[in-house]
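Participant: Generate coordinates for the sequence data below:
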Amino acid sequence: MMRLFSPRKTTLMFVIRDKTRTPLENLEPVLREDIQKIWDFVPKPEAHKETPISEFFNVEVVALSSYEEKEEQFKEQVANLRGRFFHSIAPGGLAGDRRGVVPASGFSFSAQQIWRVIKENKDLDLPAHKVMVATVRCEEIANEKHANFSTNEEWCQMEESVQFSPVTGFGKRLSSILNSYLSEYDSEATYFDEGVRSTKRKHLKEKLLQHVQPAYQSMLGHIRSATLEKFKETFEKALNAGEGFSLAARTCTQSCMALFDEQCKDAVIEQANWDASKVQDKLQRDIDSHIASVRAAKLSDLTSTFEAKLKEALLGPVETLLDGANNETWSSIRKLLRRETESAVSGLSSALSGFDMDEQTKEKMLTSLKNHARGLVEAKTRSEAGRVLTGMKDRFSMLFGHDSDSMPRVWTGKEDIRAITKTARSASLKLLSVMAVIRLDDDDVDNVESTLSSVLLENKNSGAVTDRSIITHDPLASSTWEEIPQSRTVITPVQCKSLWRQFKSETEYSVTQAISAQEANKRNNNWLPPPWAIVAIVVLGFNEFMTLLRNPLYLGVIFVGYLIFKALWVQLDISGEFRHGALPGLISLSSKFLPTVMNLLKRLAEEGQKAATNDPQANPPLASKSFRNGVSTSGNVSSSASSGITSSENGTEYSSPSKDD
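Facilitator: As a prediction, the model looks like this:
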């Protein structure tokens, strides 16, 4: 039909016999419209889907009169029509289009090529007339049924409802509606070609199912969501009831998947062979994901619970053991850590038995718990080491200020402060040595304590040497302990030395106060007065002594009198005068007393004038100094004055030597 071989158009002539009274002008448009419909349904190449029929064919409609009624007119019209066939290549003939004319010499080859194209081109397989009619009519019926289904009230309600919630009896109700429209199609298309009817029915069924598939998918989505929520609720109840995690997950999964399958059967559309396995797989993945998240949360809660128990069981006792540092501190901490860790690991292992996990994962969690317990002790040790200086001072104050019965110590004078101080410092140093290094393994042996004791306690000069030509090695002049890894070191040797120096400086005041209190106590416990007070009481008497205490001015008078008496004693040489006897001594003294006193006063006056002349601007401190040296000055003056005195006893003269001589 189509111009596959040449650009020439083909003429389609439709001859209508026995023309009726209906004008040809009215019949021709109807006939051309039917031809156009047939052309629209004819399979065409992709390039000619929209090509009009006039591009390939010249359509002509000819009407012949009735042979019985108008024989002559009929024969004339037939003769004219025959002439068009006979003279087809003439202008106005049926073959008037000469664009595809082939020369006679090439006709054989042209015919072979035409036949080859005809065999290869399936578009030339034209259906029968009844097939074309059935195609058009069945298509119209199918479109009508599809349109009626789209406006069906019950279907519209179901389509709207299924967008928000599941619809009860969805599959049966929708199958019934679809079946009714397919039955109507079958009844209306029953007389058309069976092949065409079946094909169009199949197309109608596909269109209807394609129309309802979104609603079906929504229904499956609601079923999946409801089943997932049901699983979550059931699973949570099972876990709260104490059922094992893996058993509860397995049981709830099986029951919910069975429920999903049952509800999917209720949503199945009979006319469709749809597989709900994708939605089922999605539900299974959602359930597995929820189980995994709950599992992770449960394992995290279990781990957190046992870590909290370890923290409560370890931190308090470890702090107490470190505060009371002694030789068994780390041994006790190791026993405590081992006991609490074994208890926590046993509890966690028992709790993990319901999770059906592999041994490698389980062992990894248990090892993590053990490491956490060890980390708690190490962290607590480092935290306590941050205030070790305060602990050392508190321990020193406790041992130094309290006796063995923890009673406040009273410094009566009988205590050995040196020994008490050494004991208290040794205990404080013990605390420092315990805090310096972490010892959580049984084979952790070190010489930290001995090193600290030898350097900080036994060596009073803290590493100083007697022979300055020899430089000794200071074991604390380092940032690491010998044979101890950095991970176990809490306080480095240098830090220990600095802390000890600060500790001694801050506790030295307490020792000094104790020594002062002891001396004061000794003084307070001595009931006898001082020796000078005893002599004064003996010489003056008790009443006179009390008078002096009440009037300290008398002491100045007595002191001045003492100085004058001392000067006279020296100038008169009283001890020498009494060597010859008491009476001669008294006579000699009585004769020398008045001249000596006058000479002494004269010399004092001269010395005073000389000092005023030489240094009129003398400062008060110099006068005070002269006053403090007054005894010597007076002695010199007296000696000078007495040097000119002549003794007439025994008729001889002598001069007394001066003090300077």
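Participant: Now do stretch 268-285, average pLDDT.
Facilitator: The average pLDDT within stretch 268-285 is 84.
Participant: Restricting to C-alpha, output it in PDB.
Facilitator: In PDB, the C-alpha atoms belonging to stretch 268-285 read as follows (Å, rounded to 0.1, in the frame of the first residue of the first chain):
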ATOM      1  CA  VAL A 268      -4.100 -10.100  46.200                       C
ATOM      2  CA  ILE A 269      -5.900  -9.100  43.000                       C
ATOM      3  CA  GLU A 270      -7.100 -12.200  41.100                       C
ATOM      4  CA  GLN A 271      -6.500 -10.800  37.700                       C
ATOM      5  CA  ALA A 272      -2.900  -9.900  38.500                       C
ATOM      6  CA  ASN A 273       0.000 -12.200  39.000                       C
ATOM      7  CA  TRP A 274       2.000  -9.600  41.000                       C
ATOM      8  CA  ASP A 275       4.700 -10.800  43.300                       C
ATOM      9  CA  ALA A 276       4.900  -9.200  46.800                       C
ATOM     10  CA  SER A 277       8.400 -10.600  47.400                       C
ATOM     11  CA  LYS A 278      10.000  -7.200  47.100                       C
ATOM     12  CA  VAL A 279       7.800  -5.700  49.800                       C
ATOM     13  CA  GLN A 280       8.400  -8.800  51.900                       C
ATOM     14  CA  ASP A 281      12.100  -8.400  51.500                       C
ATOM     15  CA  LYS A 282      11.800  -4.700  52.400                       C
ATOM     16  CA  LEU A 283       9.900  -5.700  55.600                       C
ATOM     17  CA  GLN A 284      12.600  -8.400  56.400                       C
ATOM     18  CA  ARG A 285      15.300  -5.800  56.000                       C
END
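Participant: By neighbour count, which bits of that stretch are buried? Give me those.
Facilitator: Val268, Ile269, Ala272, Trp274, Ala276, Val279, Gln280, Leu283 (16 or more other Cβ atoms under 10 Å). C-beta coordinates here come from the backbone N, C-alpha and C atoms, glycine included.
Participant: Show only the entries of those found in helices.
Facilitator: Val279, Gln280, Leu283 (DSSP state H).
Participant: how close does the second one sit to Val212?
Facilitator: Shown here: Gln280 relative to Val212, a distance of 20 Å by Cβ to Cβ, to the nearest Å.
Participant: In terms of residue numbering, what are the domains of this protein?
Facilitator: The chain breaks down by automatic domain parsing into domains covering 10-124, 129-232, 310-521, 542-651.
Participant: Out of the ones you listed, which is closest to Ser289?
Facilitator: domain 129-232 (9.8 Å; Cβ to Cβ).
Participant: Pull the contacting residues for Gly413.
Facilitator: Contact partners of Gly413, counting by Cβ atoms under 8 Å, 6 or more residues apart in numbering, are Gln518, Glu519, Asn521, Lys522, Asn525.
Participant: Let's see that with 10 Å instead.
Facilitator: By Cβ atoms under 10 Å, 6 or more residues apart in numbering, Gly413 lies in contact with Ala517, Gln518, Glu519, Ala520, Asn521, Lys522, Arg523, Asn524, Asn525.
Participant: Just the buried ones from the residues you listed?
Facilitator: For those, buried by 16+ other Cβ under 10 Å: Ala517, Gln518.
Participant: As TSV, the contacts of Gly413 with pLDDT would be great.
Facilitator: Formatted as TSV, these follow (pLDDT from 0 to 100):
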residue	pLDDT
Ala517	85
Gln518	81
Glu519	83
Ala520	82
Asn521	79
Lys522	76
Arg523	74
Asn524	73
Asn525	70
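Participant: What about the contacts of Gly413, which are in helices?
Facilitator: Checking those against DSSP H, those in helices are Ala517, Gln518, Glu519, Ala520, Asn521, Lys522, Arg523, Asn524, Asn525.
Participant: Of the residues you listed, which pair is most distant in space?
Facilitator: The largest distance within the ones in helices among the contacts of Gly413, taken as Cβ to Cβ, falls between Ala517 and Asn525 and amounts to 12.3 Å.
Participant: Mind checking what helix or strand follows the helix or strand where Leu27 lies in sequence?
Facilitator: Per DSSP states H and E: Leu27 is located in helix 24-41. The first helix or strand that comes after helix 24-41 along the chain, using DSSP H and E, is strand 57-63.
Participant: so Thr489 bridges to which residues?
Facilitator: Val437 (DSSP bridges).
Participant: So what's the residue count around it?
Facilitator: Using other Cβ atoms under 10 Å, Thr489 has 17 other residues around it.
Participant: Does Ile141 touch Tyr185 like I think?
Facilitator: Yes - under the criterion of Cβ atoms under 10 Å, Ile141 makes contact with Tyr185 at 5.7 Å.
Participant: Check the contact lists of the two and give me the overlap.
Facilitator: With Cβ under 10 Å, 6+ apart as the test, Ile141 and Tyr185 both reach Arg197, Lys200, Arg201, Leu204.
Participant: Kindly give a single ChimeraX line that selects the buried subset of those.
Facilitator: Those of the shared contacts of Ile141 and Tyr185 that count as buried under 16+ other Cβ under 10 Å are selected in ChimeraX with:
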select :197,200,201,204
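Participant: quick one, helices of the stretch 51-200 of the chain?
Facilitator: 71-86, 107-120, 129-150, 153-161, 170-188, 194-240 (DSSP state H, counting those that start in this stretch).
Participant: least reliable of the ones you listed going by mean pLDDT?
Facilitator: helix 107-120 (a mean of 74).
Participant: Using PDB, list the CA coordinates for it.
Facilitator: This file holds the C-alpha atoms of helix 107-120, laid out as PDB (Å, rounded to 0.1, in the frame of the first residue of the first chain):
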ATOM      1  CA  PHE A 107      11.800  -4.100 -15.900                       C
ATOM      2  CA  SER A 108      13.100  -7.500 -15.100                       C
ATOM      3  CA  PHE A 109      15.600  -6.200 -12.500                       C
ATOM      4  CA  SER A 110      13.100  -3.800 -11.100                       C
ATOM      5  CA  ALA A 111      10.500  -6.500 -10.700                       C
ATOM      6  CA  GLN A 112      13.100  -8.700  -8.800                       C
ATOM      7  CA  GLN A 113      13.900  -5.800  -6.400                       C
ATOM      8  CA  ILE A 114      10.200  -5.100  -5.800                       C
ATOM      9  CA  TRP A 115       9.600  -8.700  -4.900                       C
ATOM     10  CA  ARG A 116      12.600  -8.800  -2.500                       C
ATOM     11  CA  VAL A 117      11.300  -5.700  -0.700                       C
ATOM     12  CA  ILE A 118       7.800  -7.200  -0.500                       C
ATOM     13  CA  LYS A 119       9.100 -10.400   1.100                       C
ATOM     14  CA  GLU A 120      11.300  -8.500   3.600                       C
END
